[in-house]
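sequence and predicted structure are below.
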Amino acid sequence: MVWLHTLPAFLLWLAYAWAIRRRMYGSRWLRSWPRGARTAASIGAVLLSLAVLAVGWQILASQEWVRPEGLSPGGLAVITLMGLAFVHLQMLATALTLSLVTNAETGLPAAASNHGTIESRKEGGA
């Protein structure tokens, strides 16, 4: 029955991800960071999210909040907060990675002909 106890937490994680996605992906302050800083922060966010899961699992195991009959209220709170932190860090890492990809796009190439040359021919009579 643990899955039934964690269903509200799962729905909260999904709602949180849905709520912050536009703010996270459309953020100009992420694009203002230097490319190397965004790369390092993206990797750091992924690693930190894994650390959050590992530490949260250790807290749950040490406090014996997961029981055969279900979760205690403390265990449910830890799982909910752990999941929110994980989702936030994963969304941040994704936004940083996408900002690296979108910044890597090149602009349109310059026109093949030089319009200034045509104008100078008209004026100069060449």
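Perfect, I can see it now. These numbers come from a predicted model, not from an experiment.

which other helices and strands does the lengthiest helix in the chain contact?
Counting residues, the longest helix in the chain under DSSP state H turns out to be helix 73-103. Counting contacts by 3 or more Cβ pairs under 8 Å, 6 or more residues apart in numbering; DSSP states H and E, helix 73-103 is packed against helix 2-25, helix 28-32, helix 35-63. Yep, even glycine has a C-beta here, placed from its N, CA and C like the rest.

which other helices and strands contact the first one?
Just to be clear, that refers to helix 2-25. Helix 2-25 packs on strand 70-71, helix 73-103, going by 3+ Cβ pairs under 8 Å, 6+ apart.

for the record, mean pLDDT for the longest helix of the chain?
Model confidence over helix 73-103 averages 91 on the pLDDT scale.

okay, angle between that helix and helix 2-25 too, please.
Orientation check (axes from the mean of the first three to the mean of the last three Cα atoms, to 10 degrees): helix 73-103 against helix 2-25 gives 30 degrees.

on that earlier part again, what's the closest of the helices and strands packed on helix 2-25 to residue 40?
Of all the helices and strands packed on helix 2-25, it is helix 73-103 that lies closest to residue 40, at 9.3 Å by Cβ to Cβ.

can you give me the buried ones in that closest one?
For helix 73-103, a neighbour-count test (16 or more other Cβ atoms under 10 Å) marks 75-76, 78-80, 82-100 as buried.
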